[in-house]
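Asks: let me see the structure of the following:
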Amino acid sequence: MPAPAVEPADLDLGAALAALYAGGTDKPPRVLDVRPRACFLARRLAGAVSVPAPDARALAPRCFLLPDKAVPLALVAPREALPGVAGFLDDRGWAAGPRLPDCAELWAAAAALGVLEEGPGADGGALLARRALFEPSPLLAAAAAQLEALCAAERSSRPRAAPGAAAAAAPVPGQVVDLRALDVGCGSGRDLAWLAGRQPLVALAGGGAQPVRVRWHVTGVDSWHGALERAHELAAAMELTPAQVGLVYARVCPRSGALQLQRLPGASALRGAGRHASVVHAGGALPPAQAGAEARAAAPGQSAAGGSTRSRRSGTFVDGPGLAAFGRPSGHEHVLQPGELARWFGPAAGFDVLRDEVAPAPDGRELSYFVARKRAAAAASDGPSS
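Replies: Numbers count the residues shown, from 1 in each chain. Down below sits the predicted model:
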């Protein structure tokens, strides 16, 4: 049974904040702020995420925005709403962090500890809206910075020339570099929303130059319409535009691996479809025929990343004793053989393999963690892709 929440009157706010941020603000704790949006934009705890909910009833349909239940979750709420919202989180099984009332004492303690953020920022709060309480798949979290550096270096060094002038191959520091990603088997969209919400500064090779800003445009593909509806809801909650996130309802031909596309009704359109992606991320099932199709269609400098998120979701499972003991999925169309991705996305297909590992999921099933980058020369020989 969850531990009872500490009453605000009994809580030393300064000590609670000091314990909460003991690890520093570079990787801040998970802080759920359910106050009205205007209050959050005015001031908030460092790294806090806004999910406005005046009571437990309003929070219930937005639980998909919360982290895994094993992750300690701190709460900031108006004093009158705090008991009800905290009780809801406890009853639903979220690990209890400090329950903090919106009061002058809290913000004074936060300022004293250097964990107070104020104002919406120059973008009016857009980047604040894209903060997430949840984590993406372990592979994507580990590989994102490496992929951004590789893709930004390739994109920013492309020749830019005025009509009649010679092309200049030097990088352009300070520019915004737009990257595209294709999330195959995106499910309810946590990976694609997390990636689309990133706008990191990436240092170019050689050092000294001003870094470039990376901006992601992600297309998610899944065969389950309900999952895509949830992905659309998640993207909307994080204020990600259709230009940043496109959702595609598609079924995979088991023989050719071709995607049989349909436009989603109403909520979303096929944005970014038919263009080269900088990164292909397979967080869901990757049938062998589809892997072959993706290998042939990859763009110059493109990276392919395959891995899984939570054990509940179908991922790139690998045949092994853990999977056999668990019992599902089964069959060659759902399960990779050891080394299979390296055959599709390896040197023979014109890729450099950056990572090829198998690691167990929490439930013991084997998962593939695989990253490969297509060589420019090989991509040029393939011709354009559709």
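
Asks: mind checking the end-to-end distance for stretch 333-343?
Replies: When the termini of stretch 333-343 are compared using C-alpha to C-alpha, to the nearest Å, they are 16 Å apart.

Asks: and it, how far from the chain's centre?
Replies: Distance of stretch 333-343 from the chain centroid (C-alpha atoms, centre = their mean, to the nearest Å) equals 24 Å.

Asks: all helices of the stretch 201-350 of the chain, in order?
Replies: 225-237, 288-297, 321-326, 340-344 (DSSP state H, counting those that start in this stretch).

Asks: what stretches of this protein score poorly on pLDDT?
Replies: 1-10, 25, 156-174, 205-209, 254, 257, 262-315, 376-386 (pLDDT under 70).

Asks: and the most centrally placed residue in the chain, helix, strand or coil?
Replies: Computing the C-alpha centroid of the chain and ranking residues by C-alpha atoms, centre = their mean puts residue 194 first, at 2.6 Å. Of the three states, residue 194 takes helix under DSSP: H, G, I helix; E, B strand; the rest coil.

Asks: wait, doesn't it sit right on residue 132?
Replies: Yes. Residue 194 is within contact range of residue 132, at 5.6 Å (criterion: C-beta atoms under 8 Å). Every residue, glycine included, has its C-beta placed from N, CA and C.

Asks: contacting residues around the closest residue to residue 21 other than its chain neighbours?
Replies: Spatial nearest neighbour of residue 21, excluding adjacent residues (C-beta to C-beta, 6 or more residues apart in numbering): residue 115 at 5.0 Å. Residue 115 makes contacts with 17, 21, 25, 28, 45, 46, as judged by C-beta atoms under 8 Å, 6 or more residues apart in numbering.

Asks: what lies in contact with the helix or strand encompassing the first one?
Replies: If I follow you right, that is residue 17. Following DSSP states H and E, one finds residue 17 within helix 13-20. Helix 13-20 is contacted by residues 29, 31, 45, 74, 97-98, 100, 105-106, 109-110, 112-113, 115 when judged by C-beta under 8 Å, 6+ apart.

Asks: one more pass at 7 Å, please.
Replies: 29, 74, 97, 98, 100, 105, 106, 109, 110, 113, 115 (C-beta atoms under 7 Å, 6 or more residues apart in numbering).

Asks: now do the buried residues in that helix.
Replies: 13, 16, 17, 20 (16 or more other C-beta atoms under 10 Å).

Asks: residue 110 in helix, strand or coil?
Replies: helix.

Asks: run a quick neighbour tally on it.
Replies: Residue 110 has 25 neighbouring residues, counting by other C-beta atoms under 10 Å.
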